[in-house]
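Student: Here is my input; please provide its structure:
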Amino acid sequence: MKKLPQHRFIYITYPSASYILKTILLYAGIPTKGLSTNAEKFKAIAQSDCRVDLAIDNFENTSKQTLVFLRELVLAGRIDKLYVGVRDERKALRNSKLLDFLQELEFENQMGRFKLESDSITLFPVLLIIFIGFGIILAYRMGVAYAPVYVFFIFLYFLRSSLFREIRK
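Tutor: Okay, here's the model as predicted:
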């Protein structure tokens with residue numbers, strides 16, 4: 001980041017469409033008076049000749065509107081370089097709109113691909129299922145009358161657990 005030219009570089013901490021557009025307008029020296037909507041701000045930027053390098057942090061929290069504006073600014077040539085940072089990579093990789101945006105504009109990450117690693121699966125649901133299963137076996141062996149009902153509860157837990165969602169994807 002230190003190697004980037006400082007005269008065209010803008011760093012934004014949160015991906016809000018209005019904040020990004022207003023910051024670019026201020027950088028370009030375009031008066032913001034009378035520009036109340038994001039569409040008006042975007043049109044003013046698109047008609048100007050400003051070119052910026054933009055870095056956005058916490059990009060996993062971006063809205064669909066922000067993605068649309070950023071895509072159009074990149075395609076219009078107003079953003080030369082776009083750097084994005086995420087705090088929660090798992091949340092970012094689960095957002096399909098965000099992934100489509102990153103892949104369409106040919107972004108690269110440190111590993112060269114955008115997918116969850118296999119070792120990032122949470123093992124807590126597996127441990128909990130093992131404990132519940134052990135409890136069912138113990139209850140059944142001790143002669144508890146409603147032990148088979150516990151099987152139903154394990155099935156319900158498994159259907160709603162995060163492990164099942166990860167396996168399904």
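Student: make it CA atoms for all contacts and neighbour counts henceforth
Tutor: Fine.
Student: Could you count how many residues lie near the closest residue to residue 8 other than its chain neighbours?
Tutor: Counting by C-alpha to C-alpha, 6 or more residues apart in numbering, the nearest residue to residue 8 once its immediate chain neighbours are dropped is residue 52, at 4.9 Å. Other residues lying near residue 52 total 20 when counted by other C-alpha atoms under 10 Å.
Student: Surely residue 52 touches residue 77?
Tutor: No - counting by C-alpha atoms under 8 Å, residue 52 stays clear of residue 77, with 9.2 Å between them.
Student: Any figure for the gap between the residue nearest to residue 8 and residue 74?
Tutor: Using C-alpha to C-alpha, to the nearest Å, residue 52 is found at 10 Å from residue 74.
Student: overlap in contacts of these two?
Tutor: Common contact partners of residue 52 and residue 74 (C-alpha atoms under 8 Å, 6 or more residues apart in numbering): residue 80.
Student: Specify the local secondary structure of the closest residue to residue 11 other than its chain neighbours.
Tutor: Nearest non-adjacent residue to residue 11, counting by C-alpha to C-alpha, 6+ apart: residue 55, 4.8 Å away. Assigned with DSSP: H, G, I helix; E, B strand; the rest coil, residue 55 falls in the strand class.
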